[in-house]
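Asks: Below are the sequence and a predicted model for it; my questions follow.
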Amino acid sequence: IGHIIVLRNITAFKEQDLAKTHFIATISHELKTPLAATDLSLKLLGDERTGPLSSGQHELLDSIREDNRRMIRMVSELLDFSRVESGNIGLQVQAVPPADILQYALQTVARQAAGKEVDIRTEIPGTTTPVLADAEKSAWVLVNLLTNAIRYSPPKSEVELTVEEEEKMWRFGVRDRGKGIDAGFREKIFERFFRVPEAEGGKGTGLGLAIAREFIEAQGGSIGVESEPGKGSYFWFRLPKA
Ligand code: ADP
């Protein structure tokens with residue numbers, strides 16, 4: 001409990017990996033500022049601070065803004081990744097009610113789910129044994145799994161968010177009714193930059209699950225997936241009980 005720094009064995013890294021990580025960190029850091037500035041300028045334009053816009057111009061502006069936001073998300077994912085890779089994950093481990101992690105994650109993905117008319121079903125647990133975890137990083141993982149579930153599901157489908165108490169661990173789960181993942185890819189998707197060939201739903205980085213695994217394992221947990229192609233996937237992670 002308290003502030004724990006997990007240091008990975010840097011010597012195990014190849015020099016080339018370190019150079020790559022440094023490169024990614026520099027580029028993503030440099031890209032962040034102009035992208036954020038662009039978002040603000042686009043907002044001012046959209047609010048018609050510089051004069052009225054036609055509905056066509058509004059439509060175009062919204063789409064530019066959405067693309068820009070996607071770039072911001074990707075860049076911040078790359079930054080997270082380079083932090084993980086450089087071996088410093090600053091973990092703030094404390095006793096957290098599982099309901100807090102659930103609620104934070106639900107709020108974060110509400111808009112994305114509504115946009116695709118995906119229903120997220122869940123039961124928020126009452127007062128129970130807390131999780132021993134870094135609240136922010138655990139919520140980040142859950143948000144990532146939910147975002148994927150929504151992204152890789154058909155519109156108007158259902159996503160189920162579960163949390164189950166086991167003997168020594170809490171098990172969080174996200175079940176979707178999307179296209180599922182072929183057996184041959186189920187391990188690979190947790191590798192850096194790996195994306196299932198011709199994955200629908202877009203332009204990801206292939207980093208989300210790799211970072212998720214690093215975050216969960218650094219906290220003494222485990223993460224995995226069960227899936228039936230054509231029927232859906234069930235992503236889960238376990239974290240120790242306090
Ligand atoms: P990204 O989504 O940015 O590509 P991730 O690491 O989050 O990166 O996921 C890696 C790959 O795993 C995705 O490209 C996708 O092919 C597959 N995947 C992840 N979640 C799901 C899901 N719920 N259903 C189907 N495929 C998934």
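Replies: Great, that's in hand. Numbering: from 1, shown residues only.
Asks: wait, what's in contact with whichever residue of the chain sits closest to the ligand?
Replies: Using CB to the nearest ligand atom, G204 is the residue of the chain that sits closest to the ligand, at 2.1 Å. Yep, even glycine has a C-beta here, placed from its N, CA and C like the rest. Listed by CB atoms under 8 Å, 6 or more residues apart in numbering, the contact partners of G204 are 74, 151, 195.
Asks: Now the helix or strand encompassing the first one: average pLDDT?
Replies: Meaning M74. Element membership of M74 [criterion: DSSP states H and E] is helix 55-85. Average pLDDT, helix 55-85: 89.
Asks: same question, stretch 33-44
Replies: Mean per-residue pLDDT for stretch 33-44: 95.
Asks: list the buried ones in the helix holding M74?
Replies: In terms of neighbour count (16 or more other CB atoms under 10 Å), helix 55-85 has its buried residues at 65, 68, 72, 74-75, 77-85.
Asks: residue boundaries of the helices in this structure?
Replies: Remark: helices assigned in the chain by DSSP state H are 15-46, 55-85, 98-115, 135-151, 208-218.
Asks: Could you work out which of these reaches nearest to E226?
Replies: helix 135-151 (12.9 Å; CB to CB).
Asks: Find the nearest non-adjacent residue to the residue nearest the centre of the chain, please.
Replies: Nearest to the centroid of the C-alpha atoms of the chain, with distances taken as CA atoms, centre = their mean, sits N144, at 2.3 Å. Once flanking residues are discounted, N144 sits nearest to G208: 4.6 Å by CB to CB, 6 or more residues apart in numbering.
Asks: same thing with P155?
Replies: In space, and not counting its chain neighbours, P155 is closest to K116: 4.9 Å by CB to CB, 6+ apart.
Asks: What is the burial count for that neighbour?
Replies: 15 (other CB atoms under 10 Å).
Asks: you'd agree it is up against I150?
Replies: Yes - contact status for K116 versus I150: in contact at 5.8 Å, counting by CB atoms under 8 Å.
Asks: residues in contact with L209?
Replies: For L209, the contact set (CB under 8 Å, 6+ apart) comprises 144, 148, 189-190.
Asks: ok, 7 Å please
Replies: Residues in contact with L209, defined by CB atoms under 7 Å, 6 or more residues apart in numbering, are 189-190.
Asks: Report the separation between it and D176.
Replies: Computed with CB to CB, to the nearest Å, the distance linking L209 and D176 is 14 Å.
Asks: Kindly report the same for A25.
Replies: 32 Å.
Asks: Over to V96?
Replies: 25 Å.
Asks: what about the two, which has more around it?
Replies: Set side by side, V96 and D176 show more neighbours around D176, with 26 against 21, by other CB under 10 Å.
Asks: Nearest residue to the more buried one in space, please, no chain neighbours.
Replies: With sequence-adjacent residues excluded and distances taken as CB to CB, 6+ apart, D176 is closest to A149, at 3.9 Å.
Asks: ok, the one you found - how many residues close by?
Replies: Around A149 sit 27 other residues, with neighbours defined as other CB under 10 Å.
Asks: which regions of the protein sit below the pLDDT cut-off?
Replies: Filtered on pLDDT under 70, the chain yields the residue ranges 1-18, 87-88, 199-203.
Asks: which bits of it sit near the ligand?
Replies: 148-149, 152, 176, 178-179, 181, 189, 195-196, 199, 204-210, 233 (CB under 6 Å from any ligand atom).
Asks: That'll do, ta.
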